[in-house]
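A.B. asks: Model the structure of this input:
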Amino acid sequence: MQLMLYNDFHLNIKEIGATGGGAHKFAEMWDSVLGINMSKQGEMDSLVAGMQFVLCDIDGECYTFKPCDWEPETADKKLDDEPSSILKPQTIPSEVPRYRTQSAPSIESADTSFEEDSVKDSFAENISQCNEIPEERLPLVDQWWTSKKVQREPITSDPYPYLLVSIGTGVSILRVDGPRKHERISGSTIGGGTYWGLCRLLTGSDSFSAVLDLASKGDPTKIDMMVGDIYGEGSNALEKLGLKSDIVASSFGKLVTKQNPSEGIKEEDLARALLLMVTNNIGQVAHLNAKLYKTSRIYFVGTFLQHNIISQQRLAYSIDYWSQGKMEALFLEHEAYFGALGAFLLNHGIEHKKQTVPPPKTRKKRQSRANLTHQRSKSM
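C.D. replies: Numbers count the residues shown, from 1 in each chain. Below you'll find the model as predicted:
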């Protein structure tokens, strides 16, 4: 407010679209101090409106994560209701090293195309294949599964329905059936607030970004009880059960078997294991709702995911694992602005008559025309 007063920004503004708790909490103050009326818009209405606007008009907005050795031409899984959609590798490098996952330890779905090497042998093999990466940058076991960021092409056919999972302090799950047509169908009290609150008790981190940095260094296998801890690494029972030894059997379960549960445990291990536990729970709830409402696309947004590459990758893996490749976790580059954008659009009555996107060829032609215009202007 002081910035607006100092620069006289408020003089030409009579009304502004706003959403969220602040639109109600500070509305009277804005009116009395700045003379600006806050036109309050529904929080979820604004989120959906902003998201749909961006999906229609911004190329390269949507992305997901795939195994490190995944390539479009070799991908053998396609979503049943999206035969025309494709994925292409993102040219922007991922925040974690890109390892091959063909022989890496994993908790893949029932699809048993991956090798059956033990965790130790696979780890050694992957290190030998990636000698150029310093040892301190080697990823943890849970980063091997889906660490390749790939751009998701817009859906040119009817994109509805889809699920929108908003992860903030808690979790809200919406089913979107059309342009600005949505319904809250579920949610969870276990969200970002749960993670940050418990981390404040378990670690000395003083901010959410600091605890995410801490978690990036942690080893969850020191905390979580794995299937291999129960059955042993080479047990015949695992093959009968269709399970791998490195699947988490119980989050934080390994601490139960220790006389001194804190012995050998670092804060970063606790932060990492807790992050995966909360993320897994969110992914499971989202998958069950997607299955119930028969939709294969699940968009994840919210402050919990901002700069949280670990949870994004884990959600991408989890949705693919539980659905056996029939569903996909999707993320958006500018999701932090959807609420504000949506409030603006709703306040001014701006809407898309139809939620579609131009096909790739049309977009390329538009880009070519733009480039030609730019070249002509430079030559002049």
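A.B. asks: Quick one: mean pLDDT for stretch 209-226?
C.D. replies: Average pLDDT, stretch 209-226: 93.
A.B. asks: err, stretch 179-188, not the other one
C.D. replies: Stretch 179-188 comes out at a mean pLDDT of 92.
A.B. asks: which residues sit against it?
C.D. replies: With CB atoms under 8 Å, 6 or more residues apart in numbering as the contact definition, stretch 179-188 has outside contacts at 44-45, 48-49, 52, 164, 170-177, 281-282, 285, 289, 293, 351-355. The way it works is simple: take the backbone N, C-alpha and C, and place the C-beta from them, glycine included.
A.B. asks: which of these are buried?
C.D. replies: 44-45, 48-49, 52, 164, 170-176, 281-282, 285, 289, 293, 355 (16 or more other CB atoms under 10 Å).
A.B. asks: picking that back up, so which of the contacts of stretch 179-188 sit within helices?
C.D. replies: Here DSSP state H is the test, and those give 44-45, 48-49, 52, 281-282, 285, 289 as lying in helices.
A.B. asks: start to end distance for stretch 282-300?
C.D. replies: This stretch, stretch 282-300, spans 10 Å end to end (CA to CA, to the nearest Å).
A.B. asks: and that stretch, which residues are buried?
C.D. replies: 282-283, 285-287, 289-290, 293, 295-300.
A.B. asks: Tell me which two of those residues sit farthest apart.
C.D. replies: For the buried residues of stretch 282-300, the farthest-apart pair by CB to CB is Ile282 and Ser296; their separation is 17.9 Å.
A.B. asks: low-scoring stretches of this structure, by residue?
C.D. replies: Applying pLDDT under 70 to the chain flags residues 69-146, 154-157, 352-380.
A.B. asks: Centroid-nearest residue for it?
C.D. replies: For the chain, the residue nearest the mean C-alpha position is Gln312 (3.4 Å; CA atoms, centre = their mean).
A.B. asks: pretty sure that residue is touching Leu332, no?
C.D. replies: No. Judged on CB atoms under 8 Å, Gln312 makes no contact with Leu332 at a distance of 10.7 Å.
A.B. asks: May I ask you to confirm that Leu3 is in contact with His10?
C.D. replies: No. Using CB under 8 Å, Leu3 is not in contact with His10, being 10.0 Å away.
A.B. asks: Can you pick out the residue with more neighbours from these two?
C.D. replies: Per other CB atoms under 10 Å, whichever of Leu3 and His10 has more neighbours is His10, with 16 against 7.
A.B. asks: There's contact between the more buried one and Ser32 in this structure, I believe.
C.D. replies: No. Counting by CB under 8 Å, His10 stays clear of Ser32, with 11.8 Å between them.
A.B. asks: So which of the ones in helices among the contacts of stretch 179-188 is the closest to Leu305?
C.D. replies: Closest to Leu305, out of all of these and judged by CB to CB, is Ile282, at 9.8 Å.
A.B. asks: gap between the closest one and Met327?
C.D. replies: 14 Å (CB to CB, to the nearest Å).
A.B. asks: do the same with Lys244
C.D. replies: According to CB to CB, Lys244 and Met327 sit 21 Å apart.
A.B. asks: Over to Thr19?
C.D. replies: 29 Å.
A.B. asks: and what of Asn37?
C.D. replies: For Asn37, the distance to Met327 - CB to CB - is 43 Å.
A.B. asks: These two: which is more packed in?
C.D. replies: Neighbours per residue (other CB under 10 Å) separate Asn37 from Met327, with Met327 holding more: 21 against 14.
A.B. asks: Pull the contacting residues for that one.
C.D. replies: Per CB under 8 Å, 6+ apart, neighbours of Met327: 79, 287, 290-291, 295-298, 319-320.
A.B. asks: and with 10 Å instead?
C.D. replies: Contacts were defined as CB atoms under 10 Å, 6 or more residues apart in numbering; by that measure Met327 touches 79-80, 163, 286-287, 290-291, 295-298, 319-320.
A.B. asks: Now compare those and name the two farthest from each other.
C.D. replies: Asp80 and Ala286 (18.1 Å).
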